[in-house]
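*Asks:* Provide a 3D model corresponding to the input given below.
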Amino acid sequence: MSPAVVEQLRRKRCRACAPGTAALDADRIQQTLAALPGWEFRDGQIVRMFQFKDYYQTMAFVNAVAWIAHQEDHHPNLEVGYNRCTVRYSTHAIGGVSENDLICAAKVQGLLDE
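*Replies:* Modelled structure (predicted):
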């Protein structure tokens, strides 16, 4: 998947999944994650662990992820330590990964892209 597609995801907004919406298939998820370095698809969710220099940088990242979650009304599970944060996305309403998860992963990735 090209960087242009990732940029398109970053411009999108999350939308509530309609009843009966199916989770994305593994091929679609893997194609998108190929353009999002460090993200993995496992156990029905997309996951990435981010490393930082210190606690301050970790918490700044966590706060930025929280702001994205608030803006998109789509919330990840976060595991936070002194110099790391693991971000996990899945859409509980559909029991798997939705486009909303990919949108948010692309936006979180954008926090650290240079």
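
*Asks:* tell me the SS of the residue nearest to residue 12 when sequence neighbours are not counted?
*Replies:* With sequence-adjacent residues excluded and distances taken as C-beta to C-beta, 6 or more residues apart in numbering, residue 12 is closest to residue 103, at 5.0 Å. C-beta here means a position set from N, CA and C on the backbone, and glycine is covered the same way. Of the three states, residue 103 takes helix according to DSSP: H, G, I helix; E, B strand; the rest coil.

*Asks:* residues touching residue 103, list them.
*Replies:* Shown in contact with residue 103 (C-beta atoms under 8 Å, 6 or more residues apart in numbering): 9, 10, 12, 13, 14, 72, 74.

*Asks:* Surely the fifth one is in contact with residue 106?
*Replies:* No: with contact taken as C-beta atoms under 8 Å, residue 14 and residue 106 are classed as non-touching, separated by 11.3 Å.

*Asks:* thinking again about what came up before, most widely separated two among the contacts of residue 103?
*Replies:* Farthest apart among the contacts of residue 103 by C-beta to C-beta are 10 and 74. That separation is 13.8 Å.

*Asks:* The two: who's more crowded?
*Replies:* residue 74 (20 against 16; other C-beta atoms under 10 Å).

*Asks:* count of neighbours near the nearest residue to that one once chain neighbours are set aside?
*Replies:* Nearest residue to residue 74 in three dimensions, chain neighbours excluded: residue 14, at 4.4 Å (C-beta to C-beta, 6+ apart). The number of residues packed near residue 14 is 20, by other C-beta under 10 Å.

*Asks:* Surely residue 9 and residue 32 touch.
*Replies:* Yes: if you go by C-beta under 8 Å, residue 9 and residue 32 touch, sitting 7.4 Å apart.

*Asks:* Compare those two (neighbour count), which wins?
*Replies:* Taking neighbours as other C-beta under 10 Å, residue 9 and residue 32 compare with residue 32 leading, 24 against 20.
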